[in-house]
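Colleague: Please work out how this folds:
(one chain, ligands or ions: 2)
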Amino acid sequence: MSILKLEGISKTFGKGTGMVTALDGINLSIDKGSFTTIIGRSGSGKSTLLNIAGGLLIPDKGQVILEDIDLYVRKDKELARIRRKKIGIVFQAFNLIPEFTVLENICLPSYLDQSKPNMKFIDEVLEIIEMGDKKNKYPHELSGGEQQRAALARALSVKPDLLLADEPTGNLDIKSGEQVIDALQYCYRIFNQTTLLVTHNLEIAGQSNRVITLQDGKIVSDSVGEMI
Ligand SMILES: Nc1ncnc2c1ncn2[C@@H]1O[C@H](COP(=O)(O)OP(=O)(O)OP(=O)(O)O)[C@@H](O)[C@H]1O
Ligand SMILES: [Mg+2]
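Modeller: Ligands and ions are numbered 1, 2, ... in the order given. Next up, the predicted model:
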């Protein structure tokens, strides 16, 4: 069953001779409970695709349907609410709030929605990603890998329908990067979390259900793999 559909998505940046076509007629359907990776050279459109899928960037053409919701016909405020409730996003830069503890950062999406954080679930996630003992630390007291796992826990805290991650290991050393990927894969296995991951790492891509390759804003290959 499809949870996300991108239909005829195009996006250009700039004007005149400086115009860049970042995405060119993308059609893509993501199944509920799948772990998909997106690969492709620098500049091929991966982040643009993820941002559009995540409700963060308005496409020039096309529709993004999350479950039955057409994201970009919604008003800004409503879109922000849908995003907070249904989509978890992890970026390359961890984007934690430095004045907040790990737990406060994780609870933020719920507080912004005036809903009560699901502490039982949050504790379960923290245990799985081996961050249970770091709840009351501030971001500056954590390693890069720990900060990224805190960001992952924040993204998962609302049990999102869709988890998007844009090169979440890009700023990390190999070992910390592996821990973040392990954490993503555990969450996929344990919660059956639908995940869309952008990575440069072909080994990680090889471990996913499906690998999509972008080139010059187009999908040039889409292959089904086997989740390890
Ligand atoms: N805000 C922007 N303004 C102008 N051009 C942009 C903007 N964002 C992206 N682009 C251009 O759109 C194209 C696709 O960019 P995108 O960031 O999606 O690539 P990417 O595949 O994520 O690359 P990387 O692997 O380096 O992160 C590139 O040519 C980029 O220069
Ligand atoms: Mg990118």
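
Colleague: middle-most residue in the protein, spatially?
Modeller: For the chain, residue 164 is the residue whose C-alpha lies nearest the centre (Cα atoms, centre = their mean; 1.3 Å).

Colleague: My guess is it contacts residue 49. True?
Modeller: No: distance between residue 164 and residue 49: 9.7 Å, which falls outside the contact criterion (Cβ atoms under 8 Å). In short, each C-beta sits where N, CA and C put it, glycine included.

Colleague: number of nearby residues for the closest residue to residue 149 other than its chain neighbours?
Modeller: Distances taken as Cβ to Cβ, 6 or more residues apart in numbering put residue 129 closest to residue 149, at 4.8 Å, once the chain neighbours are dropped. A total of 23 residues lie near residue 129 under the criterion other Cβ atoms under 10 Å.

Colleague: Hmm, residue 129 is touching residue 152, no?
Modeller: Yes: in this structure, residue 129 is within contact of residue 152 by Cβ under 8 Å, at 6.4 Å.

Colleague: intersection of neighbour lists for those two?
Modeller: Taking Cβ atoms under 8 Å, 6 or more residues apart in numbering as the contact definition, residue 129 and residue 152 share the neighbouring residues 183, 187.

Colleague: What parts of the protein come near ligand 2?
Modeller: Taking Cβ under 5 Å from the ion as the criterion, the chain approaches ligand 2 at residues 46-47.

Colleague: Show me what residue of the chain gets nearest to ligand 2.
Modeller: Across the chain, the shortest distance to ligand 2 (Cβ to the ion) belongs to residue 47, at 3.1 Å.

Colleague: which SS state does that residue fall under?
Modeller: The local conformation at residue 47, judged by DSSP: H, G, I helix; E, B strand; the rest coil, is helix.

Colleague: Now do the contacts for the closest residue in space to it that isn't next to it in sequence.
Modeller: Of all residues beyond its chain neighbours, the one nearest residue 47 is residue 166 (5.5 Å), with distances taken as Cβ to Cβ, 6+ apart. The neighbours of residue 166, taking Cβ under 8 Å, 6+ apart as the test, are 46-47, 50-51, 89-92, 198.

Colleague: host element of residue 193?
Modeller: Residue 193 belongs to no helix or strand when assigned by DSSP states H and E.

Colleague: now it: how far from residue 9?
Modeller: 23 Å (Cβ to Cβ, to the nearest Å).

Colleague: got the residue ranges for the helices in this structure?
Modeller: Across the chain, reading from the start of the chain, the helices by DSSP state H fall at 46-53, 76-86, 102-112, 119-128, 144-156, 174-191, 202-205.

Colleague: what stretches of the protein score poorly on pLDDT?
Modeller: Applying pLDDT under 70 to the chain flags residues 226-228.

Colleague: Can you pull the residues of it lying near ligand 1?
Modeller: Proximity of the chain to ligand 1 is assessed by Cβ under 6 Å from any ligand atom, with 13-14, 20, 22, 40, 42-48 identified as the residues in range.

Colleague: Pull the most distant pair out of the residues you listed.
Modeller: 14 and 40 (20.1 Å; Cβ to Cβ).

Colleague: Between these two, point out the one with more neighbours.
Modeller: Under the criterion of other Cβ under 10 Å, the comparison of residue 14 against residue 40 puts residue 40 first, with 21 against 10.

Colleague: Not counting its neighbours along the chain, what's nearest the more buried one?
Modeller: For residue 40, the nearest residue in space outside its immediate sequence neighbours is residue 214; the separation is 3.6 Å by Cβ to Cβ, 6+ apart.
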